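**Student:** need a 3D model of the following:
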Amino acid sequence: MPAEEKPPGLPRVVLVTGVSRYFGGRLAARLASDPGIERVLGVDTVAPDAETAERIGRTEFVRADIRNPLIAKVIADAGVDTVVHMSVLATPAGLGGRASMKELNVIGSMQLLAACQKAPTVRKLVVRSSTSVYGASPRDPAVFTENIQAKQSPPSGYAKDASEVEGYVRGFARRRPDVIVTTLRLANMLSPRIDTPLARYFALPVVPTVLGFDARLQFLHVEDGLDALCRAVVEDHPGTYNVAGPGSLLLSQAIRRAGRVPLPVPSFTAPYLGMVVRQAGSIDFSPEQTRLLTYGRVVDISRLQQEFGLTPAYTTAAAFDDFVRGSDLASVLSAENLGTVERALRSRWSAARRLVESVRAGGPRS
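**Tutor:** Predicted structure coming up:
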């Protein structure tokens with residue numbers, strides 16, 4: 001179809017940030033495979049590896065830092081009409097620490113939005129956000145809808161970054177009412193191809209949990225996340241949408257499905273669960289992830305189904321099971337592993353007891 005005959009909602013030139021990471025690269029590959037989209041530009045601070053470069057096909061890679069005002073020149077020169085912001089990152093791995101992560105997430109988003117505001121060609125903005133903006137606390141409702149605010153604003157980490165970015169996006173939408181703005185709050189994704197603290201947590205042979213709590217959790221399959229993002233690009237769906245696999249899993253159910261062994265620790269040590277997890281498997285576990293595994297979080301996806309017109313193909317349980325299969329997690333309950341599990345349990349209990357004694361004595365604070 002000639003460009004001038006394209007439907008009004010179909011994008012011509014799409015810019016995707018964070019293209020060198022797995023999820024951003026997968027999205028760029030999907031968009032590049034759509035013959036109705038003339039150009040796909042992939043932006044990142046580092047070049048994609050060989051596998052990602054092959055996957056993204058005709059995507060034009062542009063080495064650029066969204067924290068630099070020069071990103072406005074990239075958008076203007078290419079005549080970008082649709083921007084997909086994928087560079088709000090959940091972990092500081094490879095970024096030089098939490099300070100660099102916050103700078104990329106928040107300052108980078110501000111610069112990108114400023115560039116979009118100045119570009120007359122931009123008509124659509126799609127932002128990947130997270131259900132972590134709702135936080136996790138004992139006062140939470142059973143289910144979060146898009147119009148419910150967090151009972152406790154995320155004090156730090158990725159959740160706070162995502163919340164701040166959403167605030168800037170709302171400000172951009174007020175200043176550019178002619179631009180269609182879609183914010184997708186994605187639930188936690190588990191994939192063998194994405195290295196996250198939560199994926200490492202469920203891969204531990206002995207999994208620390210908080211005694212007396214059994215958090216309700218939701219997961220999202222990568223393919224369903226990509227489906228939602230692609231539809232937001234090629235269709236017009238202004239607004240904010242929760243995106244998660246239908247249903248939920250208790251933490252205890254997830255641990256059993258993964259074939260792991262739970263290790264409950266006293267509830268008053270919940271703020272220090274991250275320390276125990278780091279001892280168990282060298283995982284950089286943040287306080288926000290500890291709160292999630294203590295209190296849980298479930299979101300309502302009715303708006304996604306009714307207004308956006310999408311029901312994820314994978315339920316929460318199916319998404320988790322697919323992660324377990326793809327990760328090839330051998331059950332630690334097999335006969336040959338029982339001795340290892342017994343030794344690990346003894347070691348973790350000793351670590352937990354030392355931690356409790358330290359806390360009672362006015363020890364470590366985090």
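**Student:** CA atoms for contacts and neighbours, from now on please.
**Tutor:** OK.
**Student:** can you list the weak-confidence ranges in the protein?
**Tutor:** For the chain, applying pLDDT under 70 flags the ranges 1-9, 89-99, 155-156, 267-285, 330-366.
**Student:** now do the strands in it.
**Tutor:** Listed in chain order, the strands of the chain (DSSP state E) span 13-17, 39-44, 60-63, 82-85, 124-130, 180-186, 188-189, 206-210, 216-217, 219-220, 239-243, 249-250, 261-265.
**Student:** export those strands as JSON lines, with columns for distance to Glu164.
**Tutor:** Shown next, in JSON lines, are the strands of the chain (distance: least, C-alpha to C-alpha, whole Å):
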{"stretch": "strand 13-17", "distance to Glu164": "18"}
{"stretch": "strand 39-44", "distance to Glu164": "21"}
{"stretch": "strand 60-63", "distance to Glu164": "25"}
{"stretch": "strand 82-85", "distance to Glu164": "14"}
{"stretch": "strand 124-130", "distance to Glu164": "10"}
{"stretch": "strand 180-186", "distance to Glu164": "13"}
{"stretch": "strand 188-189", "distance to Glu164": "19"}
{"stretch": "strand 206-210", "distance to Glu164": "29"}
{"stretch": "strand 216-217", "distance to Glu164": "24"}
{"stretch": "strand 219-220", "distance to Glu164": "23"}
{"stretch": "strand 239-243", "distance to Glu164": "15"}
{"stretch": "strand 249-250", "distance to Glu164": "29"}
{"stretch": "strand 261-265", "distance to Glu164": "33"}
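**Student:** residues contacting Leu198?
**Tutor:** Leu198 sits next to 190, 289 when contact means C-alpha atoms under 8 Å, 6 or more residues apart in numbering.
**Student:** gap between Pro48 and Gly326?
**Tutor:** Relative to Gly326, Pro48 is positioned 23 Å away (C-alpha to C-alpha, to the nearest Å).
**Student:** between the two, which one's more packed in?
**Tutor:** A count of neighbours by other C-alpha atoms under 10 Å puts Pro48 above the other of Pro48 and Gly326, at 22 against 12.
**Student:** go ahead and confirm Asp44 touches Gly18.
**Tutor:** Yes - using C-alpha atoms under 8 Å, Asp44 is in contact with Gly18, at 5.1 Å.
**Student:** those two: which is more packed in?
**Tutor:** Gly18 (25 against 20).
**Student:** quick one: contacts for the more buried one?
**Tutor:** Contacts of Gly18 by C-alpha under 8 Å, 6+ apart are 24-25, 42-44, 85-87.
**Student:** who are the contact partners of Phe23?
**Tutor:** Contacts of Phe23 were listed using C-alpha under 8 Å, 6+ apart, and they are Val222.
**Student:** ok, Glu103 next?
**Tutor:** By C-alpha under 8 Å, 6+ apart, the residues touching Glu103 are Arg67.
**Student:** what do you get for the one 10 residues further on?
**Tutor:** Each residue near Leu113 by C-alpha under 8 Å, 6+ apart is listed here: 168-169, 172.
**Student:** with just CA atoms, put stretch 27-47 into PDB.
**Tutor:** C-alpha atoms of stretch 27-47 as PDB (Å, rounded to 0.1, in the frame of the first residue of the first chain):
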ATOM      1  CA  LEU A  27      10.000  -5.700  19.900                       C
ATOM      2  CA  ALA A  28      12.100  -4.000  17.200                       C
ATOM      3  CA  ALA A  29      12.200  -7.400  15.300                       C
ATOM      4  CA  ARG A  30       8.400  -7.700  15.400                       C
ATOM      5  CA  LEU A  31       7.900  -4.200  14.200                       C
ATOM      6  CA  ALA A  32      10.500  -4.600  11.400                       C
ATOM      7  CA  SER A  33       8.700  -7.700  10.100                       C
ATOM      8  CA  ASP A  34       5.500  -5.600   9.500                       C
ATOM      9  CA  PRO A  35       5.600  -4.500   5.900                       C
ATOM     10  CA  GLY A  36       3.200  -1.700   6.600                       C
ATOM     11  CA  ILE A  37       5.900   0.100   8.700                       C
ATOM     12  CA  GLU A  38       8.400   1.900   6.400                       C
ATOM     13  CA  ARG A  39      11.300   2.300   8.900                       C
ATOM     14  CA  VAL A  40      12.200   1.100  12.400                       C
ATOM     15  CA  LEU A  41      15.000   2.900  14.200                       C
ATOM     16  CA  GLY A  42      16.600   1.200  17.200                       C
ATOM     17  CA  VAL A  43      18.400   3.400  19.700                       C
ATOM     18  CA  ASP A  44      20.800   2.400  22.500                       C
ATOM     19  CA  THR A  45      24.000   3.400  24.000                       C
ATOM     20  CA  VAL A  46      25.800   0.200  23.000                       C
ATOM     21  CA  ALA A  47      25.500  -1.800  19.800                       C
END
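**Student:** noted, bye for now.
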